[in-house]
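Trainee: Predicted model, plus sequence, below.
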Amino acid sequence: MDVQRSSLCNSVVNFLLEENYLLSAFELLHELLDDGRDDQAIRLKQFFSDPAHFPPDQISRFNSLRVLDPQTLLEEKESLEEKLAVREYELRLAQEDILSLKAEVLKKTESNLDESRGAHANTTANNGPIVQPIMRDISFSGLGPLKDNERLDLNCAVKEYLLLAGYRLTAMTFYEEVTDQNLDVWENSSACVPDALRHYYYQYLCSTAEAAEEKIAMLRENEALRKENDMLKSNGQSLLKSKEMSDAQVMALTKSLESLRKDIKEKESLVQDLKTILESQRKELNDCRAEITSLKMHIEGAQSGKSILVTGSAPTQSLLENHIDKVELLQNEVEILKPTSVYADPIESIKREDGNVRQLDKVEEPQVNDNASSAVGSLPGIVNAGTDMMGKHGSDEATSISEKVPEQLLISLGESGFTGRSETFCMDNGKPSPETDNFIKKVDNRDAESNAERMGLETIQILSNALPKIVPYVLINHREELLPLIMCAIERHPDSATRDSLTHTLFNLIKRPDEKQRRIIMDACVTLAKNVGELRTETELLPQCWEQINHMHEERRLLVAQSCGELAEFVPPETRDSLILSIVQQLIEDSATVVREAAAHNLALLLALFPNTDKYFKVEEMMFQLVCDPSGIVVETTIKDLVPALINWGNKLDHILQVLLSHILGSAQRCPPLSGVEGSIESHLRVLGERERWNIDVLLRLLAELLPYVHQKAVETCPFSSVSDFTEISFTPSLFELYAGGHLEWPTFEWLHIECFPTLIQFSCLLPQKEDNLRHRVTKFLLAVAEQFGEPYLTHIMLPVFLVSVGDDADLKFFPFKAQSELRDLRPQSAMAKRLARMCIIPLLLAGILGHPSKRDHLTEYLRNLLIQSSVQDSQSANHEIINSVRFICTFEDHHSIIFNLLWEMVASSDVNLKIRAANLLKVIVPYVDAKVASAHVLPALVTLGSDQNLTVKYASINAFGAVAQHFKNDMIVDKIRIQMDAFLEDGSHEATVAVVRALLVAVPHTTDVLRDYLMSKIFQFTASPSPSSDIIRRRERANAFCESIRALDATGFQLLKLFCCCTRTSA
């Protein structure tokens, strides 16, 4: 039995030393020596006498420590005796339980031991020399680090052994030394057995090295399998995520493939249409060439008529009378053939457009003889020539434009009154008639036009060849004067390659054009597009845009962005939502801010020109990308120009609102939690990055900008016949009663309180307390809703939603039954949800709902109930959350008067908790008031609290004075703070001294030199006098406060010599 007891004791000694429980081991050494068991204390003596573990100089230093005074020892002895009495009573109860259980366990263990001793003896006889060394080689450290549950089992077993063995002091020391585990609670497991250490010992003796190694191997294998299982689970989850991503990519690629196929089909149909148009134009051109040849023949006939006019003789006079009747007949036929003249103009236009039609031969102007006989003799020849040509073509050319020249000739003759009298063609003196002169002038004008057109083409050719050589040598500021020449050459040159080169010169006229120069170039492009038509604009101007889209200079890319919006009017409709939209989509991803801004503005111009809304969702995605742009000017342009254009074009406001709320909530939810401790309130809050904060801010701005559209659509879609006839309805309680009946749906009206407000509440519950800017955005949106929809809507719709969300009672009678059930789900159920409501939703309720001017009285009552009437039952955490909520409403200056009125009620109250809450509230609202308010309200309230008899109230006001000193440098305020601090220091208490120093320490980097000198003088005063307390903890706290103040003063560069002296005195 002694051997067994010695083995158990050695096991405990080894465990304590290996686990570094030195105090317990040292206490066990003394108890073993007191019991006279020196043989079991040998290892402990060697350990504690080893100089390597405990150097002599350290031991001597410990021995020189001051011994506690007798009074302290007496107090500690009495407290220990009381604890000992309690522990002895508990020990007696435990021993009684142990004795009752031990009797049962011994009966079972003795029978098992008798059975195992025979086998153990045989094993020991045969394998003793081999097994024993192996078992000893398996050390505790060879099994790997102890797990928490294993350590708990061993610690509980050792504690139980020490108590059963009578080493109570050692057990107490061991209990205090094990600080990370509760040894009073031993979970019910296979290791939890009475007299556990003995059972472990017996089991160890009964086991073999092979069994132990096998068990250890199994444990290690189980651990490896568990880790592998976890790894497989994580791999499976990652594979599932990758599969989902792959499926999403496949869907996206499928959609893009379908859209590409559709675009290809559209392009193919466009190509077929263009081919058809080209063939028809080519056929038309051939017809025009044939008709031009016919015209040349008629002109040659006219030339022969003029020659007859020159070489005619006197017999013509007699022939003239014979042909009078024929001319009258021809005049009637010409009247019938007049409609064919409308084809002359298209011929001339085709000649100008094609540029390749051969020029008409120049007609030489004949010399007309002035004598009367030749003039009169020419008329029958003209008539005969005209009659022959009319007879030749009159039968089959009623609709041909080749009749133009003879028609004009005959019309001129007919209109001259040639009805049978020769006096109209020949005057009495024998001179040529005016009609003959007019005919000759017309023929000459046609020749002049033909020559001018041929010379114009030659001039355009010369100009086109010279312009690319001239432009580089013209000063940049004067190149705009070349624009008319370039435009003329592009418009009239017949060769497409030359036109492309000139168009390239037009776009690259200035290397880096400024705003004015870009405007001039763009005006030129717009004028050119008007003149050349849709086809050439698409095939000649737009390719130049595409080439410049990746240019190194942002000014040129900016020119491309401007051209997308201004040239879209002059291209075919199917090109606007394909090629031009693709150019804009690439420009919104440009690195230059001005380019993205111009892309947003010109996309707004482009939407009105789209032939349909097939590309709506693509444009909406581009709009949200621009709204979340990191540049403020891009966001402003998008919200001002693009969003209204998108709403008017697509008419899908409901989809925009749905996506917008999803983006707001998703941006916050994707951020990491504030704390990784599951179940804590910080695990529900999110840490927003700079980009996420910016995105949410601009999305909330967009939500506020869309509010007028929501109001307008709610008015337009009102389903009730009694008010539907009005263009502007009033949201009154009577209208809400009709809506609450639930007979008709009103989705746009319901969107606010069914989707928008709950989403904003859910989003606000993700924001930490420091995200005041985003809360301001939400608050301004709620106030804008109240202004847009009116005070009845605020009272009967908005207020009940937020009252339910913070856990208060609300009247839901103006909501349909279905909406009431959905709104009741907003009520917080758990304690964590209630804390989140106090922290995150109450600020919105106070500032965004009750902060409306019409709810001023309601706000006062709610704040009074929140701050004064609920002060007693609120916990410390709830008190802090309420103070933070009131702090947020203090950021709105309109509510300061309400807050200070309630604060004075709290200051004048006899309740200590209210006064402390008032001091804490004054501390947090100091940053949001000016010096005038601080002098008139904050400082008098703090002076009143600082004069209170309750020390807790007084010390709470000290911190608030520090906040005032931190934010104001006014001399009068600083003097009042110094006077009040002197009053605090007069009582000489340790708490007041430390509180004053720490309060002024916070203000050191921001205050004036006067207050720094004051703090320095007080530090000198305190360090020069001996410490009033002998308590080492208080002295340490005092010294730390002084050192922190000195470091803060040193950081401001304040009188280094004084600081050095002060540091020397403090260290002494």
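Mentor: All right, it came through fine. Remember, it's a predicted structure, so these values are computed and weren't measured experimentally.
Trainee: longest helix of the chain?
Mentor: helix 209-311 (DSSP state H).
Trainee: how about low-confidence regions in the stretch 101-250 of the chain?
Mentor: Along the stretch 101-250 of the chain, the parts satisfying pLDDT under 70 run over 109-144, 202, 205-214.
Trainee: Counting by contacts, list what the longest helix of the chain packs against.
Mentor: helix 70-137, helix 344-354, helix 372-393, helix 404-415, helix 434-470 (3 or more Cβ pairs under 8 Å, 6 or more residues apart in numbering; DSSP states H and E). The C-beta positions use only the backbone N, C-alpha and C, and glycine is treated the same way.
Trainee: Which of the ones you listed has the lowest mean pLDDT?
Mentor: The stretch with the lowest mean pLDDT among the helices and strands packed on helix 209-311 is helix 372-393, at a mean of 35.
Trainee: Next one, pLDDT for residue 1025 please.
Mentor: pLDDT, read off for residue 1025, is 69.
Trainee: so what's the residue nearest in space to the middle of the chain up against?
Mentor: Centrality entry for the chain: nearest residue to the mean C-alpha point is residue 695, 2.2 Å, by Cα atoms, centre = their mean. By Cβ atoms under 8 Å, 6 or more residues apart in numbering, the contact list for residue 695 reads 628, 663, 667.
Trainee: Quick check: the second one vs residue 511, distance?
Mentor: What that stands for is residue 663. Taken as Cβ to Cβ, to the nearest Å, the spacing of residue 663 relative to residue 511 amounts to 41 Å.
Trainee: more neighbours, those two?
Mentor: Taking other Cβ atoms under 10 Å, residue 663 and residue 511 do not tie; residue 663 has more neighbours (18 against 9).
Trainee: According to the record, where do the domains of this structure fall?
Mentor: Domain ranges of the chain: 2-219, 280-432, 652-849, per automatic domain parsing.
Trainee: before we move on, back to that, which among the contacts of residue 695 gets closest to residue 862?
Mentor: Comparing the contacts of residue 695 against residue 862 with Cβ to Cβ picks out residue 667 as the nearest, at 31.2 Å.
Trainee: Run through who's touching the helix or strand hosting the closest one.
Mentor: With secondary structure defined by DSSP states H and E, residue 667 is part of helix 653-669. Counting by Cβ under 8 Å, 6+ apart, the neighbours of helix 653-669 from elsewhere in the structure are 620, 624, 628, 646-647, 686, 688, 692, 695-696, 699-700, 702-703, 706, 709-710, 713, 747-748, 751, 755-756, 759-760, 762-763, 766-767.
Trainee: what about 6 Å?
Mentor: The list of residues contacting helix 653-669 from outside it, by Cβ atoms under 6 Å, 6 or more residues apart in numbering, reads 647, 686, 692, 695-696, 699, 703, 709, 713, 759, 763, 766.
Trainee: Likewise for stretch 890-907?
Mentor: Residues outside stretch 890-907 that contact it (Cβ under 6 Å, 6+ apart) are 847, 860, 863, 867, 889, 914, 918, 925, 928, 937, 941, 944.
Trainee: Now for these, which sits with the most neighbours around it?
Mentor: residue 918 (31 neighbours).
Trainee: show me what contacts that one?
Mentor: For residue 918, the set of contacting residues under the criterion of Cβ under 6 Å, 6+ apart consists of 903, 906-907.
Trainee: ok, these vs residue 964, which is closest?
Mentor: Residue 964 has its nearest neighbour among those in residue 903, at 14.2 Å by Cβ to Cβ.
Trainee: is it true that the closest one lies in a strand?
Mentor: No: counting by DSSP: H, G, I helix; E, B strand; the rest coil, one finds residue 903 to be helix, located in no strand.
Trainee: What is the burial count for it?
Mentor: Using other Cβ under 10 Å, residue 903 is surrounded by 21 other residues.
Trainee: what does residue 491 give?
Mentor: 15.
Trainee: from memory it sits against residue 531, does it?
Mentor: Yes: between residue 491 and residue 531 there is a contact under Cβ atoms under 6 Å: 5.3 Å.
Trainee: sorry, back to before: next, the buried residues of the helix holding residue 667.
Mentor: With burial defined by 16 or more other Cβ atoms under 10 Å, the residues of helix 653-669 counted as buried are 653, 656-657, 659-661, 663-665, 667-668.
Trainee: Repeat that for stretch 274-290.
Mentor: Buried residues in stretch 274-290, counted by 16+ other Cβ under 10 Å: 285, 288-289.
Trainee: in which helix or strand would I find the closest residue to residue 532 other than its chain neighbours?
Mentor: Setting aside the residues directly before and after it, residue 532 is nearest to residue 491 in space (Cβ to Cβ, 6 or more residues apart in numbering), at 5.9 Å. Per DSSP H and E: residue 491 is located in helix 483-492.
Trainee: just checking, what packs against that helix?
Mentor: helix 434-470, helix 496-507, helix 515-532 (3 or more Cβ pairs under 6 Å, 6 or more residues apart in numbering; DSSP states H and E).
Trainee: Return the distance of it from the chain's centre.
Mentor: If you compare the mean C-alpha spot of helix 483-492 with that of the full chain, they lie 47 Å apart, counting by Cα atoms, centre = their mean, to the nearest Å.
Trainee: Next, the angle helix 515-532 makes with that helix.
Mentor: Taking axes from the mean of the first three to the mean of the last three Cα atoms, to 10 degrees, helix 483-492 and helix 515-532 form an angle of 30 degrees between their directions.
Trainee: mind saving the C-alpha coords of helix 483-492 as PDB?
Mentor: Taking C-alpha atoms only, helix 483-492 is exported to PDB below (Å, rounded to 0.1, in the frame of the first residue of the first chain):
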ATOM      1  CA  LEU A 483     -12.300  73.200 -90.900                       C
ATOM      2  CA  PRO A 484     -14.600  74.600 -93.800                       C
ATOM      3  CA  LEU A 485     -12.100  73.400 -96.400                       C
ATOM      4  CA  ILE A 486     -11.700  70.000 -94.800                       C
ATOM      5  CA  MET A 487     -15.500  69.600 -94.500                       C
ATOM      6  CA  CYS A 488     -16.000  70.600 -98.100                       C
ATOM      7  CA  ALA A 489     -13.400  68.100 -99.300                       C
ATOM      8  CA  ILE A 490     -14.900  65.300 -97.200                       C
ATOM      9  CA  GLU A 491     -18.400  66.000 -98.400                       C
ATOM     10  CA  ARG A 492     -17.600  66.300-102.100                       C
END
